[in-house]
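1. Turn this into a model:
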Amino acid sequence: MRLRFVLCLMLALSSGASAAEQWHLAQDEDGIRVYLSEVPGSPYQQFRGVALIKASVSTLSELQENLRVACKWLYGCADMRLLKVEGDSTWVYLTTALPWPASTRDMVIQVQSERRDDGSLVRRIKAVPGMVKHVPGQIRVRQLQGLWTFVPKGEQLTEVTYQLQADPAGDIPSWLANQFVLDAPSVSLRTLRAVAERQGGAAPGR
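-> Below is the predicted model of the structure:
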């Protein structure tokens, strides 16, 4: 009887986790699809943005690695600074510029890159503690995880996915949080696409 109870409990938990990970299409505009999913125990939804970009994986990778350029196309970015590189891991300090009435935030992000045999690139990101002292006036984001994936679909065509789950810390109006999960992926992917396709057109043969 006890074994049966444990098995039923495990099944219920696994079913709940599966349901929590279900994504629904929230926006489909200008070739960019945005999916949302509830996060157990959090009032904030996670997002997943998907777009096809007419550029190679290497071009898109370079546009991420150039932090000055990356901060211009990444939604909400005010500044990005390289802290450390160690093997396939990179640590970056990022400050935000979110719409009023949100206060500015900062975070230290670890980026773990994985290049696969099929030519795709996966970059997993997460907030990590330490490395940069608290700056007065900034709210430190300590809970954030997500990923970027770049999957080649042709010689100059890549499917890009941007997924993120975060707790912004501090008080955020619900309307702003709801708008962020739509704007962050759609604006980031739209701007990245414009920059990448312009750069690809200026450098034929890449």
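
2. For residue 51, give me its contacts.
-> Residues near residue 51 by C-beta atoms under 8 Å, 6 or more residues apart in numbering: 31-33, 159-160, 189-190, 193. C-beta here means a position set from N, CA and C on the backbone, and glycine is covered the same way.

3. And these, which is closest to residue 43?
-> residue 33 (23.9 Å; C-beta to C-beta).

4. Would you mind identifying the next helix or strand past the helix or strand containing that closest one?
-> Using DSSP states H and E, residue 33 maps to strand 32-37. Per DSSP H and E, strand 32-37 leads on to strand 46-53 as the next helix or strand towards the C-terminus.

5. so what does the very next helix or strand once past that following strand touch, helix or strand wise?
-> Per DSSP H and E, the first helix or strand lying C-terminal to strand 46-53 is helix 57-65. Contacts defined by 3 or more C-beta pairs under 8 Å, 6 or more residues apart in numbering; DSSP states H and E place helix 57-65 against helix 67-73, strand 121-127, strand 143-154, strand 157-167, helix 174-202.

6. helices and strands around the fourth one, which ones?
-> Helices and strands touching strand 157-167, by 3+ C-beta pairs under 8 Å, 6+ apart, are strand 46-53, helix 57-65, strand 143-154, helix 174-202.

7. right, and the helices and strands packed on helix 57-65 - which one's nearest residue 55?
-> helix 174-202 (3.8 Å).

8. Show me which residues of the closest one are buried.
-> Neighbour-count burial for helix 174-202, counted by 16 or more other C-beta atoms under 10 Å, picks out 180-190, 192-193, 195-196, 199-200.

9. and that helix, average pLDDT?
-> The average pLDDT for helix 174-202 rounds to 88.

10. same deal with stretch 59-69?
-> 96.

11. Pull out the buried positions in that stretch.
-> Neighbour-count burial for stretch 59-69, with 16+ other C-beta under 10 Å as criterion, is recorded at 59-64, 67, 69.
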